[in-house]
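Student: what follows is a predicted protein model with its sequence.
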Amino acid sequence: MNKKALVGILILAAVLRFWNLGSGDPLSDEILYAFRSVGMLDFDNAAHQTTPLEWTDPDIPAWTELSFHDHPPLVFWVQNLFMKIFGENTFAFRLPSAIFGVLAVYLLYLIGWRLFTEKIGLAAAAILAVTINSVFISRVGLQESYVIFFILLAFYFFLRALDKEKYFVWVGIALGLGFLAKYTVFILAPAFLVYLVIFRREIFKKRFFWLGIFISLAIFSPVIIYNIQLYKSVGHFDFQISYLFGQQPEVWKVAPGKEEIGSLADRLRNFLPNFFSANSWLFLTAALLSFLGIGAMSYRTILRPNLFFIFLILGFHFILFLIIGPQLRFLSMATPWLVLMLAAGFWLIQERFFKSRKVFIAAALLFLVGESAYTLNSQFFNKPFGLEFWDFSKVHYENYDWGYNTLGDYLEQELRNKMPAFTFDLKYKFLEDARNRNLEQARRKKFIPYPAMIIYDGNVHNAAQAWYLDRLQIYHGWPVMKAQEYLDFLNKEGEDYFRRAGLENAYLIIPTEKLPLKRLDQLTNFGAVVEQELLKKGIYPLLLYNGSNEGVLRVYKFRF
């Protein structure tokens with residue numbers, strides 16, 4: 001019976017994570033990973049955060065391939081592999097997150113069983129399968145789904161290692177891979193050490209414990225070597241480590257992602273509002289009742305090692321959030337531990353206070369149905385019903401279907417099995433090399449040369465510009481330029497310049513006010529100027545629609 005329940009839970013978790021995974025515009029930091037993962041290039045066209053590839057081009061040292069300037073390389077490696085298999089699209093770079101999300105549900109079942117009972121493991125898995133913050137983070141191409149998986153994997157092996165020390169080898173492997181995914185996995189190291197100091201000091205004398213540490217460092221060694229070489233070359237470590245150590249490199253005067261977190265007081269002030277936004281009120285209420293229920297237990301129950309371990313992990317997560325900020329994506333890391341506390345607490349309450357298990361099970365099922373409905377409303381409807389917080393979560397807007405994906409679909413259709421007949425020179429040799437490799441691959445596939453260019457309104461959102469437009473130019477050689485640059489060319493070279501260059505067709509892309517755009521102080525009217533000129537010539541647009549059937553993009557296709 002329990003096996004059937006587990007299979008049902010995993011199927012439900014998979015449906016909530018895989019269904020329509022590619023929908024929703026990638027306008028968050030997931031583009032910063034996916035864009036670079038396409039060609040495994042540490043370059044995302046960020047003027048305020050240049051990289052070692054740009055500093056050393058054209059004589060780029062080999063050590064730069066070991067990591068990236070701001071993150072370890074594992075997420076980039078995995079996304080690169082999946083995009084090679086499934087194509088350069090949102091589904092492909094989000095798919096690993098969804099897979100790790102389902103595996104996290106299974107791991108929480110194993111952990112709950114090992115810490116408490118199989119029923120508590122099933123309850124924890126069921127809650128994690130449907131709760132909004134877990135589903136959301138599994139449906140975007142961010143690092144946190146990887147982080148959660150490797151933290152749970154290392155924790156599970158750690159529990160096994162407490163009985164059989166050989167499992168410390170697997171702890172080392174899981175931690176090493178986790179460190180390669182993101183530095184935040186290091187949060188486990190002090191938690192494990194504190195637990196061992198309090199409950200199992202004899203472990204420090206075990207050789208497999210030290211072997212596990214050596215293995216984790218060996219797996220993480222590419223990043224260690226990268227940072228040593230970077231320090232030798234320019235006198236500072238990578239972006240994250242230099243920030244942690246208080247280094248302020250001249251090349252990184254602006255720290256995107258760091259400046260927004262504010263002071264310690266700001267982080268404390270934002271913690272609860274963001275925590276409430278990241279979870280349903282139903283989940284928060286249940287977690288609070290569970291916490292109070294655990295508190296009502298005896299003194300010995302509270303200090304039972306297993307419950308203590310959960311609270312220890314949560315405590316270190318809270319410290320981490322005070323350091324890096326309580327952004328919605330980061331708070332998802334705490335969700336599995338809150339779920340474990342919730343499942344264990346309510347089981348203790350049921351054992352102590354409920355004589356009728358049928359009433360308790362009915363209440364638990366009602367909770368799961370309510371949480372599932374909340375998650376469905378938050379993630380699967382373009383226009384959710386009801387009010388934010390009470391009926392759907394704020395994370396709904398993190399992968400909302402604004403409509404930029406329709407631009408990707410349109411350009412994919414227009415350029416399928418074609419290659420550019422004309423290309424622009426790129427700023428760096430490593431970009432030229434990457435583009436030429438892709439062009440050669442297109443020739444081998446016998447793609448048809450297509451003499452076309454893409455012009456776009458510079459008001460397009462930065463992330464959308466990077467994924468749908470810059471990617472086409474940098475990796476595939478398509479001539480792409482902003483409307484302002486297009487007008488400058490016409491003024492300097494004459495209206496027949498592009499025809500003389502061998503181009504015949506052009507596309508003009510104009511976003512409407514229904515789409516997220518650049519900041520107000522960055523908006524221009526150059527796109528509108530080009531659009532008006534086309535309308536005067538009797539050239540009219542094709543209107544692209546989003547999932548809510550709203551016209552969101554105007555695309556003009558014309559000949560020079």
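Tutor: Cool, the structure landed. From a predicted model like this one, the values you see are computed outputs, not experimental measurements.

Student: what helices and strands are in contact with the top strand by length along the chain?
Tutor: Identified as the longest strand of the chain according to DSSP state E is strand 551-559. When contacts are defined as 3 or more CB pairs under 8 Å, 6 or more residues apart in numbering; DSSP states H and E, strand 551-559 packs onto helix 404-415, strand 505-511, helix 526-536, strand 542-545. In this view, the C-beta of every residue, glycine as well, is placed from N, C-alpha and C.

Student: check these for me and report the most buried one.
Tutor: Ranked by average neighbour count under the criterion mean count of other CB atoms under 10 Å, the helices and strands packed on strand 551-559 are headed by strand 505-511 at a mean of 21.

Student: the spatially most central residue of the chain in helix, strand or coil?
Tutor: Geometric centre of the chain, nearest residue: Leu142, 0.7 Å, by CA atoms, centre = their mean. Following DSSP: H, G, I helix; E, B strand; the rest coil, Leu142 is assigned to coil.

Student: just to revisit the earlier point, output the longest strand of the chain as PDB, nothing but the C-alphas.
Tutor: Presented in PDB, the C-alpha positions along strand 551-559 are these (Å, rounded to 0.1, in the frame of the first residue of the first chain):
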ATOM      1  CA  GLY A 551      -1.700  41.300 -28.500                       C
ATOM      2  CA  VAL A 552       1.800  41.800 -27.100                       C
ATOM      3  CA  LEU A 553       4.300  42.200 -30.000                       C
ATOM      4  CA  ARG A 554       4.100  43.700 -33.400                       C
ATOM      5  CA  VAL A 555       6.400  42.200 -36.000                       C
ATOM      6  CA  TYR A 556       7.000  43.800 -39.400                       C
ATOM      7  CA  LYS A 557       8.500  41.700 -42.100                       C
ATOM      8  CA  PHE A 558       9.700  43.800 -45.100                       C
ATOM      9  CA  ARG A 559      12.300  43.900 -47.900                       C
END
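
Student: how far is that strand from where the chain is centred?
Tutor: The chain centroid and the centroid of strand 551-559 are separated by 31 Å under CA atoms, centre = their mean, to the nearest Å.

Student: what residues of that strand count as buried?
Tutor: Residues Val552, Leu553, Arg554, Val555, Tyr556 are the ones in strand 551-559 that count as buried (16 or more other CB atoms under 10 Å).

Student: hang on, the last one packs against Glu531?
Tutor: Yes. Counting by CB atoms under 8 Å, Tyr556 sits close enough to Glu531 to count as a contact (7.1 Å).

Student: any idea how far Ala104 is from the nearest residue to Phe100 once chain neighbours are set aside?
Tutor: Excluding its sequence neighbours, the residue lying closest to Phe100 (CB to CB, 6 or more residues apart in numbering) is Phe149, at 4.0 Å. Using CB to CB, to the nearest Å, Phe149 is found at 5 Å from Ala104.

Student: what does Pro190 give?
Tutor: 22 Å.

Student: one more: Arg352?
Tutor: Shown here: Arg352 relative to Ala104, a distance of 29 Å by CB to CB.

Student: which one of those two has more residues nearby?
Tutor: Between Arg352 and Ala104, Ala104 has the larger neighbour count (other CB atoms under 10 Å), namely 28 against 12.

Student: ok, the more buried one touching Leu128?
Tutor: Yes. Between Ala104 and Leu128 a contact is recorded at 6.8 Å, counting by CB under 8 Å.

Student: which neighbours do those two share?
Tutor: Residues touching both Ala104 and Leu128 (CB atoms under 8 Å, 6 or more residues apart in numbering): Ser134, Pro336.

Student: please tell me I have it right and Ser97 contacts Ser145.
Tutor: Yes. With contact defined as CB under 8 Å, Ser97 counts as touching Ser145 (3.8 Å).

Student: list residues touching both of the two?
Tutor: With CB under 8 Å, 6+ apart, Ser97 and Ser145 have common neighbours Ile137, Ser138.

Student: higher neighbour count, these two?
Tutor: A count of neighbours by other CB under 10 Å puts Ser145 above the other of Ser97 and Ser145, at 31 against 27.

Student: any weak-confidence spans in the stretch 1-150 of the chain?
Tutor: Applying pLDDT under 70 to the stretch 1-150 of the chain picks out residues 1.

Student: show me the helices in it, by range?
Tutor: Secondary structure of the stretch 1-150 of the chain, counting by DSSP state H, counting those that start in this stretch: helices at 2-18, 30-39, 52-56, 74-86, 90-115, 118-130, 132-137, 144-161.

Student: now for the fifth one, which elements pack on it?
Tutor: Here helix 90-115 is seen to pack against helix 2-18, helix 30-39, helix 74-86, helix 118-130, helix 132-137, helix 144-161, helix 305-324, helix 335-353 when contacts are counted using 3+ CB pairs under 8 Å, 6+ apart.

Student: restrict the third one to CA atoms and write it as PDB.
Tutor: Listed in PDB are the C-alpha atoms of helix 74-86, where the atom choice follows Å, rounded to 0.1, in the frame of the first residue of the first chain:
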ATOM      1  CA  LEU A  74      27.800  22.400 -12.800                       C
ATOM      2  CA  VAL A  75      24.500  24.100 -13.700                       C
ATOM      3  CA  PHE A  76      26.000  25.400 -16.900                       C
ATOM      4  CA  TRP A  77      27.300  21.900 -17.800                       C
ATOM      5  CA  VAL A  78      23.900  20.300 -17.200                       C
ATOM      6  CA  GLN A  79      21.900  22.900 -19.100                       C
ATOM      7  CA  ASN A  80      24.300  22.800 -22.000                       C
ATOM      8  CA  LEU A  81      23.800  19.000 -22.300                       C
ATOM      9  CA  PHE A  82      20.000  19.300 -22.100                       C
ATOM     10  CA  MET A  83      20.000  22.100 -24.700                       C
ATOM     11  CA  LYS A  84      22.100  20.000 -27.000                       C
ATOM     12  CA  ILE A  85      19.500  17.200 -26.700                       C
ATOM     13  CA  PHE A  86      16.300  19.200 -26.700                       C
END
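
Student: alright, I will stop here.
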